[in-house]
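> need a 3D model of the following:
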Amino acid sequence: MADDKQQSAKAAATKTGGRKKKIKAPSEQGRVYIQATFNNTIVSFTDASGKVLTWGSPGTAGFKGTRKSTPFAATTATQQAAERAKQAGLRSVNVFVRGVGSGRDAAIRAIQASGLNVTQLKDLTPIPHNGVRAKKPRRV
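From the prediction side, this is the model:
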């Protein structure tokens with residue numbers, strides 16, 4: 001009877017998560033992917049092979065609604081994610097930026113200010129080469 005209660009308590013503890021798993025980067029070199037849209041900025045820190053170590057967004061930093069699209073929100077989210085990445089062991093990163101949002105430059109500055117060494121900066125914003133037909137002009 002007592003063993004059943006202990007086992008069910010252990011099972012409940014593992015289902016709820018217990019302690020957080022500590023992440024450790026396999027090397028000091030990594031990548032940062034910044035996706036900057038008009039409404040949000042998402043930053044992902046990965047190791048050299050592309051496995052995500054940590055990520056951040058203005059929503060996780062406590063911003064809601066239209067404040068998520070501000071450069072200050074992007075800076076705050078990037079700083080928080082960069083601190084976790086540094087604790088995981090990252091020292092230098094290659095930065096890949098995608099999108100045209102207002103938080104894109106602010107996120108890059110926050111990475112540099114956090115103490116991580118930026119070795120490469122690449123813009124991966126998709127540019128259509130005369131893709132789909134444009135919508136007809138709106139009549140008012």
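
> strands of the chain, start to end?
Using DSSP state E, the strands found in the chain span residues 29-36, 41-47, 52-56, 92-99, 117-123.

> mind checking which of the ones you listed is nearest residue 76?
Ranking these by their distance to residue 76 (criterion: Cβ to Cβ) puts strand 52-56 first, at 8.6 Å. Every C-beta, even on glycine, is put in place using the N, C-alpha and C of the backbone.

> mean confidence for the closest one?
In this model, strand 52-56 has a mean pLDDT of 95.

> spell out for me which residue occupies the centre of this structure.
The centroid of the chain falls nearest to residue 43 when counting by Cα atoms, centre = their mean (2.5 Å).

> that one and residue 33, how far apart?
Distance, residue 43 to residue 33, using Cβ to Cβ, to the nearest Å: 7 Å.

> try residue 136
Distance, residue 136 to residue 33, by Cβ to Cβ: 35 Å.

> same question, residue 91
Taking Cβ to Cβ, one finds residue 91 at 18 Å from residue 33.

> looking at the two now, which is surrounded by more residues?
Legend: neighbour count by other Cβ atoms under 10 Å for residue 91 and residue 33, higher for residue 33 (18 against 14).

> give me the nearest residue to the more buried one, chain neighbours excluded.
Using Cβ to Cβ, 6 or more residues apart in numbering and skipping residues adjacent in sequence, the residue nearest residue 33 is residue 44, 4.5 Å away.

> and that neighbour, what does it touch?
By Cβ atoms under 8 Å, 6 or more residues apart in numbering, residue 44 lies in contact with 32, 33, 35, 52, 54, 55, 81.

> at 7 Å instead, please
Each residue near residue 44 by Cβ atoms under 7 Å, 6 or more residues apart in numbering is listed here: 33, 52, 55.

> could you do residue 26 as well?
residue 47.
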